[in-house]
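this one's structure only:
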């Protein structure tokens, strides 16, 4: 064992030193190892290398001997170190070996063999020198006892990892990588098994409910989409397989049953309306045919209806010269030009506007002291100063047209009678008497007097009121002596006639002959039988003033409208006993007439004597407005009293020609359009007041204005009539009402004995 160890040491030492020389270190040479024996000690000196003139002991500083050897040489060095360690061990045990017989002899034999082995190893080192010339991708390999260069195994491919690198005396070694062992290298889906193979990896099937290649697993569809059927259930290789369902063949579509065609599409279906119908296919409607007045702009398709466009009829100028064509949807309208409206005959007539004026007597004292004369007035209101103006207290009408006059005056006189006369003086100075009213003796009491009428006037005419010669004890002014005048322009086509009584009412019928007519009189005819006939539809206002003397308890007159065999009492006025004194009598009102209607006046008396004057003492004046649109024609209503006038008189509607313009609401006159309203109210009553009076009141926006007031003296226990009438300028929303002031009313009549008429002019 000792010999073997020493041999190994000698061989290794020689090999190491030889390798150092083989490395070709510049300036190096090897110093052979030596064996020395002295003082009972055998010393084996380790080889050394002379490096750049310095001896380096290879047994102690191997790193200096082999500074650039590769890892394989390092391994050899380690073996050399192990051999030197063994030699040291041999050296350490040498002394003990000397104690053994024949030990020295055996040691000498061992060393000699070691030297021989080192010599053999030097020969091997010579072979190993060739290995130092191997390239970077080769290693030194001993084949059949001969060392030579061999190429390294190629680098590790995918799926393998290098465990031993290619070195000086050993080849590269690659080992399989287990990709499944680490999540970072596992390419499989969490829903599939990872299977490691040599140099590779495989993924198993996806779990139930999923499909894919194992690397990726996708959840299977749970059902087919609408319009498809199941062909194959889901497996690990594929998803749920669906195929289109043909709803058209299966009859499961919702297309219009009668008028649409079904078209199958992938996963669904479509519907198309048949020719002649349009819609979305589910609902199909017949194509529209363009109505009259329209023409086709676009034809009907299966999805869009016919597009019709209005025919521009106005392009053909179908209207008259005084009309404007207005396009309407599917038609057209011929409208009257601005400033005109359509008449009842269908023609366009100029639109007209009425006017109203109110004034009070301004010279009562001069009339009283002069025992008569011409009245002058102070203006109270004027709706159109371009029509009305005062000149020296006289009313001047600047524009041609029709005037409607109502003058109420309270007086006291002691003559047998006094007279009020209405005159119209033209711009050329000629004067016409229109009407007159006689007032019997008032016996020292206040009593009301009236004069009025309707007449056509030329532009620039003057209206004048005359008091006859009489002994006047008092003449009131202010509202107690008030005149109101309404006006309608010549463009209204209004017609007027002033007539005078020709008989003495022996047959009760009043017969009139014409005295003064408007230039355009066509629709009013004064007939010899007393009937006044109208030749076209329209509205009529009348005032009949008659002087009478009788001894009857009462005497009354009545105005009736006849339509065929039926009649309507328009107004009725009662007069108490006049005790053989001439006294005035007034019937006024307004009514709608149809073509062929007649107006008829008669007087009725009990078995008593009566005298009725004619000529200028029995005059009638009428104004006729042709029917037409409300903006260019008059409207009228009539009503009867329905209470006892306790504070306010309320009326029940009899008839209204244009309820949208004027009607009775709550017993009062309600006006919906601006214009002029002319009121006539006749009332029979018995009272014991010194005097009773009626007020004609206008309500507007919470305020009230008394327009006209009429006074009646003590009736002495007899029925007696009172009349109040006047012209009022109104606005839309105004209310006109009547009140009675007397706290000692014994009886008050209603029905036909209490008649109200109201005429509205635009």
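Right, received. Where do you want to start? These numbers come from a predicted model, not from an experiment. Residues are numbered from 1 along each chain as shown.

in contact with the residue sitting nearest the centre point of the chain, which residues?
Of all residues in the chain, the one closest to the mean position by Cα atoms, centre = their mean is residue 329, 22.7 Å from it. Taking Cβ atoms under 8 Å, 6 or more residues apart in numbering, we find residue 329 in contact with 293, 310. Backbone N, C-alpha and C define where each C-beta goes, glycine included.

how much space separates it from residue 304?
Here residue 329 is placed at a distance of 20 Å from residue 304 (Cβ to Cβ, to the nearest Å).

residue 116 now?
Taking Cβ to Cβ, one finds residue 116 at 118 Å from residue 304.

what's the answer for residue 706, then?
69 Å.

partners of the helix or strand hosting residue 738 in the sheet?
Using DSSP states H and E, the element containing residue 738 is strand 735-741. Strand 735-741 sits in its sheet next to strand 648-649 (antiparallel), strand 668-671 (antiparallel), strand 691-700 (antiparallel), going by DSSP bridges.

could those go into TSV alongside distance to residue 196, mean neighbour count and mean pLDDT?
TSV is the format used below for the strands paired with strand 735-741 (distance: least, Cβ to Cβ, whole Å; neighbours: other Cβ atoms under 10 Å; pLDDT from 0 to 100):
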stretch	distance to residue 196	mean neighbour count	mean pLDDT
strand 648-649	117	20	94
strand 668-671	107	22	97
strand 691-700	109	20	94
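
closest one to residue 173 among those?
strand 668-671 (121.7 Å; Cβ to Cβ).

what stretches of the stretch 601-750 of the chain score poorly on pLDDT?
Residues of the stretch 601-750 of the chain that meet the criterion pLDDT under 70 lie in 606-607, 629-632.

what about the strands in it?
Secondary structure of the stretch 601-750 of the chain, counting by DSSP state E, counting those that start in this stretch: strands at 610-612, 615-626, 635-641, 648-649, 651-656, 662-665, 668-671, 675-687, 691-700, 703-713, 720-730, 735-741, 745-748.

export these as a markdown table, with columns for distance to residue 418.
What follows is the strands of the stretch 601-750 of the chain, written out as a markdown table (distance: least, Cβ to Cβ, whole Å):
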| stretch | distance to residue 418 |
| --- | --- |
| strand 610-612 | 18 |
| strand 615-626 | 14 |
| strand 635-641 | 30 |
| strand 648-649 | 29 |
| strand 651-656 | 33 |
| strand 662-665 | 36 |
| strand 668-671 | 33 |
| strand 675-687 | 22 |
| strand 691-700 | 17 |
| strand 703-713 | 14 |
| strand 720-730 | 18 |
| strand 735-741 | 25 |
| strand 745-748 | 28 |
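
which positions in the strand holding residue 738 come out as buried?
Within strand 735-741, the residues scored as buried using 16 or more other Cβ atoms under 10 Å are 735, 736, 737, 738, 739, 740.

related to what we said a few turns ago, now for the strands of the stretch 601-750 of the chain, which one comes closest to residue 350?
Judging these by Cβ to Cβ, what sits closest to residue 350 is strand 615-626, at 13.0 Å.

which strands and helices lie in contact with that closest one?
strand 431-440, strand 447-457, strand 495-501, strand 538-550 (3 or more Cβ pairs under 8 Å, 6 or more residues apart in numbering; DSSP states H and E).

who does residue 294 bridge with?
Bridge pairing for residue 294 - DSSP bridges - gives residue 310.

my read: it touches residue 307, true?
No. Residue 294 lies out of contact with residue 307 (Cβ atoms under 8 Å); the separation is 9.8 Å.

and those two? which has more neighbours close in?
Looking at residue 294 and residue 307 with other Cβ atoms under 10 Å, you find the greater number of neighbours at residue 294, namely 18 against 13.

and the gap between that one and residue 309?
From residue 294 to residue 309 the distance is 6 Å (Cβ to Cβ).

residue 313 - how many residues pack around it?
Quick note: residue 313 (other Cβ under 10 Å) scores 17 neighbours.

and it, what does it touch?
Counting by Cβ under 8 Å, 6+ apart, residue 313 has contacts 293, 325, 327, 331, 332.

can you do 10 Å?
For residue 313, the contact set (Cβ atoms under 10 Å, 6 or more residues apart in numbering) comprises 293, 319, 325, 327, 328, 330, 331, 332, 333.

can you check residue 203 too?
Taking Cβ under 10 Å, 6+ apart, one finds 180, 186-189, 191-195, 212-217 in contact with residue 203.

hmm, try it at 7 Å
188, 192, 194, 213, 214, 215 (Cβ atoms under 7 Å, 6 or more residues apart in numbering).

which residue packs closest to it, ignoring adjacent ones?
residue 214 (2.7 Å; Cβ to Cβ, 6 or more residues apart in numbering).

surely the one you found is within a helix?
No. Looking at residue 214 with DSSP: H, G, I helix; E, B strand; the rest coil, it is coil, so not inside a helix.

burial count for it?
Neighbour tally, residue 214, other Cβ under 10 Å: 20.

what count of nearby residues applies to residue 388?
Residue 388 has 24 nearby residues by other Cβ under 10 Å.

actually residue 185, not the one I wrote
Neighbour tally, residue 185, other Cβ under 10 Å: 12.

what's the distance between it and residue 370?
Applying Cβ to Cβ, the value for residue 185 to residue 370 is 141 Å.

so what's residue 698 up against?
Neighbouring residues of residue 698 by Cβ under 7 Å, 6+ apart: 704, 705, 707, 728, 734, 736.

closest to residue 584 among those?
Relative to residue 584, the closest of the contacts of residue 698 is residue 707; by Cβ to Cβ it sits at 22.2 Å.

the closest one: what's it in contact with?
By Cβ under 7 Å, 6+ apart, the contact list for residue 707 reads 358, 484, 696, 697, 698, 726, 728.

look up how far residue 555 lies from it.
Counting by Cβ to Cβ, the gap from residue 707 to residue 555 is 30 Å.
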